[in-house]
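Peer 1: Sharing a sequence plus its predicted fold:
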Amino acid sequence: MSSDKVSRFPYPFSSDVYRYSNNSLLLDPPIAIEVTPEYEDEIALKRKLLTDCHSRCYQSLPHTLQAQWEVVSIVLHHLAETYPASFTLAKKESVWTFTNHMLNETAAFTFGDASTLPIEPLDFVGRHVQEDLIVMGQRDNDLFLDAGQLCFPANWSLQFNLGMNFVEIHRPIPGFSADRLDEKIRNFIMRLENGQPWVRRNWSLNAGHKLDSSLETFHLWGQKRKEITAENAGQEVYLRVEVQKLFRLPRTHAVLFTIHTHLISLQELALNRDYAKQLYHILVELPDFIADYKGMKLFRGQTIDYLHNFLNEAGC
């Protein structure tokens, strides 16, 4: 186990009580992507999923091409500027040449001309970042899921949600519409300004190390939840955190969501005693309807027992 992994993990909690909220903060520095030591493994997994089940992992509406090119520009510039030893971007008029030195790949294309790429622009650029990429179109005083490359979903379906508006997408979340929180968050996103991106962290618990937790593959990962015990929870239960960044696209006025999913086992997380103690209190106090929606109903008790026993043995 590595204390380095714990120190760089995007721990999501600031108190011993969790409720749904708009926990967004201004993103500083305003960078859409992050390259971690898991980069090569996660890119390989992404590309395998896109090969094996492309329509599940990639969807777009025909009118989104201009927004897709805006995403290409943001992501490639951020990669080249933030990680210059690993990525370079050369531009000669409208011809762009992008080199991914980590994968030893180079792609040349005419920016804005989809015929110069073998796949759609959003699908192309998403294969070079660990983040899932979602484009929400803003029109008719609402937000709509217009395009996305989603390889690592947390129990939802891109195919099913394509074209839905923001409130429709989040309707299955129990309690999310209380006090019109869903509408308040939608309105907050609709007020995003170009050049002022925001970031938030979402969390859940995973039974097993599984980035791809799509609805379509529930039969492959759902049964694992029945196998968790207080004895194996340290190795088999993972805190899953999504770092979600929101960028206004200046030309199309659409919104880019980048979603970077991080997993850490409870055994690894517990190297930080304060994290383990706080997570224990959160899980004990968490309302059942939130725990159920986050998919931990079948192993929440076992996870609490594991943390309780660990903290007792550690004298915390």
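Peer 2: Noted; the coordinates are in hand.
Peer 1: Give the bridge partners for the residue most central in space within the chain, please.
Peer 2: With distances taken as CA atoms, centre = their mean, the residue of the chain nearest its centroid is residue 259 (2.7 Å). According to DSSP bridges, the partner residues bridging residue 259 are residue 132, residue 244.
Peer 1: So it sits against residue 131, correct?
Peer 2: Yes - using CB atoms under 8 Å, residue 259 makes contact with residue 131 at a distance of 5.8 Å. Using the backbone N, CA and C atoms, a C-beta is placed for each residue, glycine as well.
Peer 1: element containing the residue nearest to residue 148 when sequence neighbours are not counted?
Peer 2: Nearest residue to residue 148 in three dimensions, chain neighbours excluded: residue 134, at 4.3 Å (CB to CB, 6 or more residues apart in numbering). Using DSSP states H and E, residue 134 maps to strand 132-139.
Peer 1: Can you tell me what sits against the helix or strand just after that strand?
Peer 2: Next helix or strand after strand 132-139 toward the C-terminus (DSSP H and E): strand 142-149. Under the contact criterion CB atoms under 8 Å, 6 or more residues apart in numbering, strand 142-149 has outside partners 50, 57-61, 63-64, 67-68, 122-123, 126-127, 132-138, 158, 161-166, 169, 186, 189-190, 254-255.
Peer 1: from the chain's centre, how far out does strand 142-149 sit?
Peer 2: 15 Å (CA atoms, centre = their mean, to the nearest Å).
Peer 1: what are the ranges of the helices in this protein?
Peer 2: Here the chain has its helices, by DSSP state H, at 3-8, 39-52, 54-57, 65-82, 121-126, 158-161, 166-170, 181-190, 218-221, 233-236, 266-269, 273-285, 288-293, 300-313.
Peer 1: Dump these to CSV, plus mean neighbour count and mean pLDDT.
Peer 2: Shown next, in CSV, are the helices of the chain (neighbours: other CB atoms under 10 Å; pLDDT from 0 to 100):
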stretch, mean neighbour count, mean pLDDT
helix 3-8, 13, 88
helix 39-52, 16, 98
helix 54-57, 17, 98
helix 65-82, 20, 98
helix 121-126, 25, 98
helix 158-161, 18, 95
helix 166-170, 18, 87
helix 181-190, 16, 88
helix 218-221, 12, 88
helix 233-236, 20, 97
helix 266-269, 20, 97
helix 273-285, 17, 97
helix 288-293, 14, 90
helix 300-313, 18, 96
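Peer 1: any chance of these in TSV, plus distance to residue 108?
Peer 2: Below are those laid out as TSV (distance: least, CB to CB, whole Å):
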stretch	distance to residue 108
helix 3-8	34
helix 39-52	20
helix 54-57	23
helix 65-82	12
helix 121-126	12
helix 158-161	29
helix 166-170	37
helix 181-190	35
helix 218-221	38
helix 233-236	45
helix 266-269	41
helix 273-285	45
helix 288-293	45
helix 300-313	49
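Peer 1: Could you point out which of those sits nearest residue 112?
Peer 2: helix 65-82 (5.6 Å; CB to CB).
Peer 1: Next, the contact list for residue 273, please.
Peer 2: Counting by CB under 8 Å, 6+ apart, residue 273 touches 311, 314, 316.
Peer 1: For residue 236, see how far away it is.
Peer 2: 21 Å (CB to CB, to the nearest Å).
Peer 1: same check, this time on residue 86
Peer 2: Taking CB to CB, one finds residue 86 at 33 Å from residue 236.
Peer 1: same thing with residue 63?
Peer 2: The value you get for residue 63 to residue 236, if CB to CB is used, is 44 Å.
Peer 1: wait, doesn't residue 117 sit right on residue 108?
Peer 2: No - using CB under 8 Å, residue 117 is not in contact with residue 108, being 9.8 Å away.
Peer 1: The two: who's more crowded?
Peer 2: The neighbour comparison of residue 117 against residue 108 (other CB atoms under 10 Å) goes to residue 117, with 16 against 13.
Peer 1: Enumerate every residue touching that one.
Peer 2: 107, 109, 124.
Peer 1: try residue 12
Peer 2: Contacts of residue 12 by CB under 8 Å, 6+ apart are 201-203, 241.
Peer 1: what do you get if the cut-off is 10 Å, keeping everything else the same?
Peer 2: 18, 23, 200-204, 239-243, 262, 279, 282 (CB atoms under 10 Å, 6 or more residues apart in numbering).
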